[in-house]
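A.B. asks: predicted model follows, preceded by the sequence.
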Amino acid sequence: MSDNIFTNWCYLPTSLGKFRMYDTGNENLRLICSGNIKHLKKPPLIRVHSSCIASEVFKSLDCDCSDQLWMAMKMIHSEGSGLIFHLNQEGRGQGLSNKIKAINLMQHKGLDTHDAFNALGLEQDIRSYQSVVDILLFLNIHQIKLITNNPQKISFFNDKNICVKSVVSTIPIIRVENQSYLISKKNKLNHKFDLSQLENQNSYPDTLKKKETAREIKFYEKDQPYGFFSNFSNHAVYLKNKIWKTSEHYYQSQKYANSDYEEKIRLAPSPMIAAKMGRDHRFSPKPDWENVKNTIMLEVLFAKFTQHPELKDELIKTAPLTIIEHTENDHYWGDGGNGSGKNMLGKLLMKVRSSLLCN
C-alpha cells in the first residue's frame, strides 16, 4: 500500500460540507473522508459503496443507489469523521453490460432484479471488498461502524477480521419507479430495511399513487414522501426581520441568539452544515436553551406552514393522521426508529395543524 494515501489528497467541497478525497492508487476505488484520515474516531463510521452510474450520474429513479450514497455522506459529515469507499462494481459486480441486460428484462418482461439475474444465469452478488479491507488494515483499523442494509457485506468484513461493531441502516426513499426493486432487495436478496410504508397498504402495486389509508404518516428525509415536514426542506422562513434558508437554520441559530455566531449559522450554505454548526461543542448554547427549545421549534414551524400556503394546505390535508418523524438517529425529535422516542417534531407539527384547523 502506497503512502500516497496520506500525502496525495485534495479537499472535496460539496453541498453537505467539505470532505477530503484521497489517492488509493487504484482507479477503481475512490476514497473520501470527513476530517483527517490520520485522526478518525474509533471505531470509524464507514460506507462501502458500489458504483451506479445510472443513478449517481444520470439521476435514474428506479433504484436506491444514489440515495444511499447521499445519506451516508450526510451521516458521516454529521459525525465529523468517517470514510466512504466508492468501488467500480456495477450490477452487483457483474458489470455494466450485464446490468443493462438485466434492466432490459425488468422493463420489458416484468421481472424483478433477482429474477432478471437468474434468467441471465448470473450470480446475484459477486462483489469483493478486499481492496477496502487492505486499506483499513493499512490504516490499522480493525473495528468499524458500517452503513449498510446488506448482511452479505457485514459477513465479508467480519470474515476478513474487520469486526463490524455496529450497523447503521439507511432508510429507503420510496418512489413509484423503485418500489418493485426495493421489494425484491428486501424479500429475495435479504437486505434489511424498513418498507412499512408499502407493507401497511393492502397490496404493493401503485402504493405511492394511492390515497393515504394508514393511521400514521412517517417522514424523515426531505426527498421522501412528506419530506416537506423535514426541517431540512427547502422552504425559507422570515423571522426576526431576516430570511432564514430553512427552519433548521433558524432553530440551530437560536441556541446562540443575539451573538455573532447566530448570524454565521443563518448564512450556512445548507441545513446540514447549519445543524453541524449548531452542535459544535466549542460554542455554548444560551443557558435556558433546554427550557425554550420546544417553543423555538414551534415558532419556526408555525412560520414555515403559514408563510408557504401550499405547505399549509398539505399539512391540513393530513388530519387526523398521526405525524411521526421516523428515525433511529433521534430519540427526542424523532421516534427512535422503533417508537421509543418522544417524536416531539411530529407532535409540534400536529399542534401547528390543530391551530390552522381552528382558524
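C.D. replies: Alright, I've got the coordinates.
A.B. asks: going forward, measure contacts and count neighbours with C-alpha atoms only.
C.D. replies: OK.
A.B. asks: the helices in the stretch 51-200 of the chain, which residues?
C.D. replies: Here the stretch 51-200 of the chain has its helices, by DSSP state H, counting those that start in this stretch, at 53-56, 65-79, 96-109, 113-119, 130-138, 151-159, 179-187, 196-199.
A.B. asks: buried sites along the longest one?
C.D. replies: For helix 65-79, the buried set under the neighbour-count rule, 16 or more other CA atoms under 10 Å, comprises 65-69, 71-78.
A.B. asks: show me which pair in those residues is furthest apart.
C.D. replies: By the measure CA to CA, 65 and 78 form the most distant pair in the buried residues of helix 65-79, at 20.1 Å.
A.B. asks: the residue nearest to residue 150 when sequence neighbours are not counted: what's it in contact with?
C.D. replies: Take residue 150 and drop its neighbours on the chain: the residue closest to it by CA to CA, 6 or more residues apart in numbering is residue 191, 4.8 Å away. Residue 191 is in contact with 149-151, 185, counting by CA atoms under 8 Å, 6 or more residues apart in numbering.
A.B. asks: nearest to residue 252 among these?
C.D. replies: Set against residue 252, the nearest of those by CA to CA is residue 149 (30.7 Å).
A.B. asks: I'd say the closest one and residue 189 touch.
C.D. replies: No. Taking contacts as CA atoms under 8 Å, residue 149 lies outside contact range of residue 189: 10.5 Å.
A.B. asks: more crowded one of these two?
C.D. replies: Counted by other CA atoms under 10 Å, residue 149 and residue 189 do not tie: residue 149 has more neighbours, with 22 against 17.
A.B. asks: which residues does the nearest residue to that one once chain neighbours are set aside contact?
C.D. replies: Leaving out its chain neighbours, the residue that sits closest to residue 149 by CA to CA, 6+ apart is residue 192, at 4.8 Å. Residue 192 sits next to 149-151, 169, 186 when contact means CA under 8 Å, 6+ apart.
A.B. asks: please tell me how far the residue nearest to residue 150 sits from residue 148.
C.D. replies: 9 Å (CA to CA, to the nearest Å).
A.B. asks: quick one: low-confidence parts of the protein?
C.D. replies: Applying pLDDT under 70 to the chain flags the ranges 1-3, 197-214.
A.B. asks: which residues does the residue most central in space within the chain contact?
C.D. replies: Residue closest to the average C-alpha location in the chain (CA atoms, centre = their mean): residue 71, at 2.6 Å. Residues in contact with residue 71 (CA under 8 Å, 6+ apart) are residue 170.
A.B. asks: also the one 10 residues further on?
C.D. replies: With contacts defined as CA under 8 Å, 6+ apart, residue 81 is in contact with 33-36, 40-41, 44-45.
A.B. asks: now it: closest residue in space, sequence neighbours ignored.
C.D. replies: Closest to residue 81 by CA to CA, 6+ apart is residue 34, at 4.7 Å.
A.B. asks: that neighbour contacts residue 75, correct?
C.D. replies: No. Between residue 34 and residue 75 there is no contact under CA under 8 Å: 10.1 Å.
A.B. asks: mind listing the helices for the stretch 201-350 of the chain?
C.D. replies: Under DSSP H, counting those that start in this stretch, the stretch 201-350 of the chain gives helices at 247-253, 260-266, 271-278, 289-307, 309-317, 344-358.
A.B. asks: what's the closest of those to residue 113?
C.D. replies: Comparing the helices of the stretch 201-350 of the chain by CA to CA, helix 271-278 comes nearest, at 33.4 Å.
A.B. asks: which strands and helices sit next to that closest one?
C.D. replies: Packed against helix 271-278 by the contact rule (3 or more CA pairs under 8 Å, 6 or more residues apart in numbering; DSSP states H and E) you find helix 65-79, helix 247-253, helix 260-266.
A.B. asks: how about TSV for these, with distance to residue 113 added?
C.D. replies: Converted to TSV, the helices and strands packed on helix 271-278 look like this (distance: least, CA to CA, whole Å):
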stretch	distance to residue 113
helix 65-79	14
helix 247-253	38
helix 260-266	44
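A.B. asks: of those helices, which is nearest residue 312?
C.D. replies: helix 247-253 (14.8 Å).
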